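Undergrad: After the sequence you'll find the predicted model.
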Amino acid sequence: MPASVLSRSVLPTGDLVEDVDPRGRRGRRYPLVALVRAAACAVAAGARSYAAVGHWLRRAPQDALARLGFPVRGALGVRPAASMDTVRRVTERLHPDGLAALLRPTATERVRPVRLAADGKSARGSRTRTRTAAHLLAVTDQNDQDIAQLRIPDKTSEVPCLREILSPLDIAGTWVSADALHTQRETARFLVEGKKAHCLLTVKLNQPTLYDRCRRLPWDKATAKYYDRTEGHGRKETRVIQVLTVSHLDFPHARQAARVTRHRTCKATGKQTRQTVYVITDLPSHQAKPQDITQSLRGHWHIENKIHYVRDTLWDEDHPQIRTGHGPENMATLRNTTLNRLRAANATNMTEAVRDLSYEPFTAPLNLLGTPR
């Protein structure tokens with residue numbers, strides 16, 4: 001089952017739910033869809049842990065439980081809510097692809113993204129004495145929608161997993177940006193030759209030979225230049241982007257190289273810093289001008305600022321001790337679902353938006369997630 005939301009998807013029912021349900025057929029008191037909806041709504045209302053999800057369910061009124069799909073039990077017509085332990089067991093055992101399928105909006109049209117950004121993040125609260133923290137590789141589109149997520153297996157890296165997460169996606173003609181870790185020959189060939197996409201890869205000192213070749217390019221002759229100025233997080237930043245056409249960079253499909261010089265000024269102390277990185281792309285100059293490269297780079301930085309940072313601040317993702325099974329990646333998927341739906345509803349301040357949901361915890365999250373009335 002694909003992990004992407006780019007393909008047309010319908011909320012699983014019938015046999016498909018049976019396929020993804022990790023529970024045995026005997027002893028199922030609650031529908032899987034009801035449990036997943038409840039967990040997603042509780043997280044949208046601000047729940048950070050299994051205990052908080054269980055508390056939300058205990059306080060849920062009967063009409064909310066009816067909308068979620070919890071069945072009537074007994075002669076009194078009461079809909080009992082699931083316990084925290086039930087939600088925890090299902091979240092830990094449910095395969096992430098199955099959870100993603102259950103949470104997709106209905107009748108999603110097949111839309112090819114314009115830009116994709118890939119970046120990894122460790123859920124530090126999932127670390128144990130014998131196991132490292134769960135490391136999650138996420139892919140977002142130009143609208144800051146998280147469209148795919150993959151947990152990196154222990155004792156491996158993001159590099160092969162990027163190819164795995166992009167393999168089922170239709171990304172022909174899409175700009176794919178990734179950080180310096182993914183500036184690998186195999187990745188460039190996979191994107192350009194295998195997926196017919198375009199790469200925008202950062203070059204840093206982890207590739208010293210390639211970095212030195214980029215550094216030695218005749219940047220004083222670069223006529224294509226663009227200035228990008230931003231202000232926020234207590235600093236002013238100016239980025240100078242210079243672009244050169246290259247033909248002998250000794251990297252697959254490299255057509256252009258860009259030098260990005262960042263000048264930062266701390267507003268509190270006045271301290272100034274400068275950093276230079278290089279970017280290579282397979283796109284020629286008539287398809288990728290300095291402004292276009294800048295826009296894609298800013299979109300790539302959004303995955304850190306608008307996905308990972310927001311999950312940390314809203315749900316304190318690095319501290320809850322959700323460690324076992326598929327729990328870390330499934331809880332991240334529940335949080336991403338809230339952010340995706342809020343951005344689709346044109347919310348701009350995620351903190352205020354989640355706070356608004358928490359004021360009406362048993363109606364607003366259900367409406368946001370499209371739970372039937």
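TA: Yes, it's here. Numbering: from 1, shown residues only.
Undergrad: Distance check, the closest residue in space to Ala364 that isn't next to it in sequence against Ala332.
TA: Excluding the flanking residues, the one nearest Ala364 by CB to CB, 6 or more residues apart in numbering is Leu357, at 4.6 Å. (Each C-beta comes from the backbone N, C-alpha and C, glycine too.) Distance, Leu357 to Ala332, using CB to CB, to the nearest Å: 18 Å.
Undergrad: just Leu339 next, same as before
TA: Note on Leu339: its distance to Ala332, by CB to CB, is 10 Å.
Undergrad: so what sits against both of the two?
TA: Common neighbours of Leu339 and Ala332 (criterion: CB atoms under 8 Å, 6 or more residues apart in numbering): Arg311.
Undergrad: Between these two, which has more neighbouring residues?
TA: Ala332 (26 against 23; other CB atoms under 10 Å).
Undergrad: Double-check the more buried one against Asp318; I have them as touching.
TA: No: using CB atoms under 8 Å as the test, Ala332 is too far from Asp318 to be in contact (11.4 Å).
Undergrad: list the residues that contact both of these two?
TA: Common neighbours of Ala332 and Asp318 (CB under 8 Å, 6+ apart) are Ala123.
Undergrad: secondary structure element for the residue nearest to Ala364?
TA: Assigned by DSSP states H and E, Leu357 belongs to helix 350-359.
Undergrad: list the buried ones in that helix?
TA: Neighbour-count burial for helix 350-359 flags 350, 353-354, 357 (criterion: 16 or more other CB atoms under 10 Å).
Undergrad: What is the nearest of the residues you listed to His308?
TA: Among the buried residues of helix 350-359, Met350 lies closest to His308 (CB to CB), at 12.3 Å.
Undergrad: ok, the closest residue to the closest one other than its chain neighbours - how many residues close by?
TA: Once flanking residues are discounted, Met350 sits nearest to Val310: 5.0 Å by CB to CB, 6+ apart. Counted with other CB under 10 Å, residues neighbouring Val310 total 21.
Undergrad: ok, Val310 to Leu342 distance?
TA: Val310 is 10 Å from Leu342, by CB to CB.
Undergrad: Need the overlap of contacts for the two.
TA: Met350.
Undergrad: what ranges do the strands span in the stretch 51-200 of the chain?
TA: All strands of the stretch 51-200 of the chain, identified by DSSP state E, counting those that start in this stretch, fall at 115-123, 134-141, 146-151, 175-178, 198-203.
Undergrad: next one: the third one to chain centre, how far?
TA: Right, strand 146-151. 5 Å (CA atoms, centre = their mean, to the nearest Å).
Undergrad: same question, the shortest one
TA: Here strand 175-178 shows a centroid-to-chain-centroid distance of 14 Å under the convention CA atoms, centre = their mean.
Undergrad: Likewise for the second one?
TA: On the basis of CA atoms, centre = their mean, strand 134-141 sits 5 Å off its chain's mean C-alpha point.
Undergrad: so Arg239 touches Arg259, yeah?
TA: No: the criterion here is CB under 8 Å, and Arg239 misses it with Arg259 at 10.4 Å.
Undergrad: how about the spatially most distant residue from the centre of the chain, phi and psi?
TA: Most distant from the centre of the chain: Ala75, at 45.1 Å, with distances by CA atoms, centre = their mean. As for Ala75, its main-chain torsions (degrees, to the nearest 10) stand at phi -70, psi -20.
Undergrad: what does Thr261 give?
TA: Dihedral angles (degrees, to the nearest 10) for Thr261: phi -110, psi 120.
Undergrad: can you tell me which residues contact it?
TA: If you count contacts by CB under 8 Å, 6+ apart, then Thr261 has 239-240, 242, 274-276 around it.
Undergrad: Buried among the residues you listed? Need that as a selection in ChimeraX.
TA: Per 16+ other CB under 10 Å, the buried members of those correspond to this ChimeraX selection:
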select :239,240,242
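Undergrad: on that earlier part again, next up, the contacts around the residue nearest to Ala364.
TA: Contacts of Leu357 by CB under 8 Å, 6+ apart are 44-46, 338, 364-365, 368.
Undergrad: Please narrow these to those residing in helices.
TA: 44, 338, 364-365, 368 (DSSP state H).
Undergrad: The residues you listed into JSON lines, with extra columns for pLDDT?
TA: Below are the ones in helices among the contacts of Leu357 laid out as JSON lines (pLDDT from 0 to 100):
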{"residue": "Ala44", "pLDDT": "97"}
{"residue": "Thr338", "pLDDT": "96"}
{"residue": "Ala364", "pLDDT": "98"}
{"residue": "Pro365", "pLDDT": "97"}
{"residue": "Leu368", "pLDDT": "96"}
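Undergrad: From those residues, pick the one nearest Lys204.
TA: Using CB to CB, those come closest to Lys204 at Thr338, 33.0 Å.
Undergrad: Nearest spatial neighbour of Thr128, chain-adjacent residues omitted?
TA: Closest to Thr128 by CB to CB, 6+ apart is Arg323, at 5.5 Å.
Undergrad: count of neighbours near the one you found?
TA: Neighbour tally, Arg323, other CB under 10 Å: 16.
Undergrad: what does the one 10 residues further on give?
TA: Summarising burial for Thr333: neighbours were counted as other CB under 10 Å, giving 25.
Undergrad: all helices for the stretch 251-373 of the chain, in order.
TA: 290-302, 309-315, 327-344, 350-359, 364-368 (DSSP state H, counting those that start in this stretch).
Undergrad: Out of those, the one nearest Leu217 is which?
TA: The nearest among those, by CB to CB, is helix 290-302 at 14.9 Å.
Undergrad: Report all helices and strands that the closest one contacts.
TA: Helices and strands touching helix 290-302, by 3 or more CB pairs under 8 Å, 6 or more residues apart in numbering; DSSP states H and E, are strand 115-123, strand 175-178, strand 198-203, strand 224-232, strand 235-245, strand 256-266, strand 272-281.
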